[in-house]
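# Model the following, please.
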Amino acid sequence: MFRLTYIGFALLLLCSCSSESPTRHNDFATLTSIEIVAVSSSIATQTSTKLSVIGNFSGQFTRDITDQAVWSSNSPTVAAFITAQSPSRVTGLVPGTAVLTAAVGNVSTTFSLTVTSATVRAMTITPAAPTVPKGLNTQFTASGTFSDSSTQDLTFDAAWSSSDAAVATISNTAGSNGLAQALAAGTATITATFEGVSATSPLTVTEVVLQSISITPATPSILSLSTGNFQATGHFSDGSTADITAQATWTSSKTDIATIAPGGAATTIAPGTSSIGASLNGISGTTDLKVTGGALTGISLSPATPRLVKGTALPMTATGSFSNGSSRDITGAVDWTVANTTFATVSTPGGNVALLNALAVTPASSPVKITATSGSLTANTNLTVVAPLLQSLTVSPSSTDLPAGASGQLSAIATYSDGTTQDVTVSTNWTSSDSSTATVDNTGVAKGRVHGVVAAAGSTNINAAFGGLNARSTVTVRSRTVASLTVSNFPALTVAAGNQVPFTATATYTDGSSRDVTVDATWTIDNPNVAVFADSQNQPGQVIGVDNGSTTLRASFGSKSQTVNLTVR
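Sure thing, here's the model as predicted:
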């Protein structure tokens, strides 16, 4: 009983769906009859008209099946199907009557067509005097009034011409008759001629106009408290495209989730989705930006209680805790302030870098407050600035064996009269005595990183100058061939969205030695919607999960590469 009822219901549903979808092909309803539909049952000689065939399927539904019909005329000298590109178009050849037949399979029907001797008396063209932007098309139609007062569409039968083909062309090809293409700014006269009678219309072509705007990246995912750049591309009427990022007006539908500045620079604030829009000259485009990584719940600073010697600098780090349980470096995303800039300043050269600069000695009982702020959340630390006498300066390590193409970090350590020591690497002036063997970085947090020149071999001194003292480290560069490259966490790792994970690249050479080349490797991630680098310039190998999915992390060094499959959840 249940099966019979279910089958009956299914058949009823099937029939119901079919009757509501008259254009859908079927294999269960039989074609029972067809009908020929025409604009008129009579046409003038040397004119044509297109016929249509409507099929009736067992009385359940009807649909156009013109493309399946086979046509014939019982008097092809009076009217015939002579247009190969349009098989259902019949042309009147001489006055008389012809019976036209359409057949679809074994079902057929007829239509009686009269060809008259009426002659054309006047013609009109529409649209009249159109204006079209360069690159676009416009369809002209021609209508004729005949001696028997009848009217006919002569678009197909007329001969079309343009007075200036450099401004606009017009088609005489079957199927696109009367279609004008605007090529260059200016005016051309469009003419339709039939049996010696003509009609004209001016066509004005204007300069290109903006048709649409696309925004890239499309539907990106970006971490909260991060930045991202959008680009707007304008698509114009002539098929050309142009970068209109700078000219467009940018908007964010939810400014509590993300804001966007002129030029397409977006700043994310909290998790959610916001529609990013770009508009110009009344045309707009949008894309959805998904902000991930949780909402910021707390900030911690490192070092917790910095102590600096006057005239030195120290990198500061702000770590954010987020509502989804993740944590990551947000040094570059917070606003840094100093309670009294007489004693210290904070400089932010870019990326996740903040340098605390000691300018003057603080009172013994009054350290200066350093504050990191994001929204309503703040974190504070107290800086003490002292001025003991510099006693000595050393560079660590004192000597380095470096493969060509690799780098190593040197540190400058100052010893003071009060018995304290301080890392003054970022405050030291670094130079190489032979830059053809090894070079050394001397800017920002990269100071003190020494690089073995590719294909060079030999030794050089790296000099550190600070506070009137000098120290050096000897660097020996040797030519070595990389045999393999390994990446920590190979071959796969799962990361929580918003968490920051460090990766290390190690090169093994043909002589059996190995070296950490994390800083020297080239790192790539193939899907930034899944994971990104925390700061590719200042924190190589540091990866943050963005949104659910999988991506491939690749490290390349010395013609070798290694990949890690990274899953974010």
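# what does the domain assignment say about the protein?
Listed by automatic domain parsing, the domain ranges of the chain are 20-116, 120-206, 210-292, 296-386, 390-478, 482-568.
# Just put those domains in a markdown table and tack on mean pLDDT and mean neighbour count.
All C-beta atoms are positioned from the backbone trio N, CA, C, and that covers glycine. Shown next, in a markdown table, are those (pLDDT from 0 to 100; neighbours: other Cβ atoms under 10 Å):
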| stretch | mean pLDDT | mean neighbour count |
| --- | --- | --- |
| domain 20-116 | 92 | 16 |
| domain 120-206 | 97 | 18 |
| domain 210-292 | 96 | 18 |
| domain 296-386 | 95 | 17 |
| domain 390-478 | 95 | 18 |
| domain 482-568 | 92 | 18 |
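# Any idea what S392 is bridged to?
T415 (DSSP bridges).
# Next up, the contacts around it.
With contacts defined as Cβ atoms under 8 Å, 6 or more residues apart in numbering, S392 is in contact with A414, T415, L469.
# do S321 as well
L296, T297, G298, I299, S300, S327.
# can you check L355 too?
Per Cβ under 8 Å, 6+ apart, neighbours of L355: A313, L314, P315, M316, V346, S347, T348, P349, V426, G444, V445.
# Do I have it right that the fifth one meets M316?
Going back to what we said before, that points to V346. Yes. Assessed by Cβ atoms under 8 Å, V346 is found in contact with M316 at 6.9 Å.
# any common contacting residues for the two?
W336, A354, L355, L356, I370.
# which two from these end up farthest apart in space?
L355 and I370 (11.7 Å; Cβ to Cβ).
# pretty sure L308 is in contact with T384, am I right?
Yes. Counting by Cβ under 8 Å, T384 is a contact partner of L308 at 7.5 Å.
# before we move on, back to that, so of the contacts of S321, which ones are in strands?
With strands taken from DSSP state E, the overlap with the contacts of S321 comprises L296, T297, G298, I299, S300, S327.
# what's the helix or strand for the closest residue to the first one other than its chain neighbours?
Of all residues beyond its chain neighbours, the one nearest L296 is G320 (5.2 Å), with distances taken as Cβ to Cβ, 6 or more residues apart in numbering. With elements delineated by DSSP states H and E, G320 resides in strand 313-322, which encompasses its position.
# Show me what that strand pairs with in its sheet, parallel or antiparallel.
For strand 313-322, using DSSP bridges, the partner strands are strand 296-302 (antiparallel), strand 327-329 (antiparallel), strand 354-358 (antiparallel).
# just so I know, which of those lies nearest A199?
That would be strand 296-302 among those, by Cβ to Cβ, at 71.0 Å.
# circling back: output the shared contacts of V346 and M316 in CSV, with distance to D153 appended to each entry.
Formatted as CSV, the shared contacts of V346 and M316 follow (distance: Cβ to Cβ, whole Å):
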residue, distance to D153
W336, 75
A354, 75
L355, 78
L356, 82
I370, 82
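# of these, closest to N529?
When the shared contacts of V346 and M316 are compared for distance to N529 (Cβ to Cβ), A354 wins out at 27.9 Å.
# Excluding sequence neighbours, find me the nearest residue to that closest one.
M316 (4.5 Å).
# next one: S212
H235 (4.6 Å).
# Next: A232.
A278 (3.9 Å).
# Give the bridge partners for the residue of the chain positioned farthest from its centre, please.
In terms of distance from the mean C-alpha position of the chain, G96 ranks first, at 63.6 Å (Cα atoms, centre = their mean). For G96, the beta-bridge partners under DSSP bridges are V115.
# which residues sit in contact with it?
G96 neighbours (Cβ under 8 Å, 6+ apart): S75, T77, V78, A79, T114, V115.
# out of those residues, who's nearest S432?
Taking these together and measuring to S432 by Cβ to Cβ, the closest member is A79, at 94.1 Å.
# So in terms of bridging, what pairs with G277?
Under the criterion used (DSSP bridges), G277 bridges to T251, T286.
# Next, find the distance separating it from L31.
Using Cβ to Cβ, to the nearest Å, G277 is found at 50 Å from L31.
# Could you do N382 as well?
N382 is 90 Å from L31, by Cβ to Cβ.
# what do you get for S161?
For S161, the distance to L31 - Cβ to Cβ - is 44 Å.
# cool, A360 as well?
97 Å.
# what's the first-to-last distance across stretch 426-444?
For stretch 426-444, the first and last residues are 6 Å from each other (Cα to Cα, to the nearest Å).
# Residues contacting that stretch, please?
Contacts of stretch 426-444 (Cβ under 8 Å, 6+ apart): 311-315, 349, 353, 355, 402, 410, 412, 445, 447-453, 456-466, 475, 477, 538.
# Those residues in strands, which ones?
Filtering those for strands - DSSP E - leaves 313-315, 355, 402, 412, 449-452, 458-466, 475, 477.
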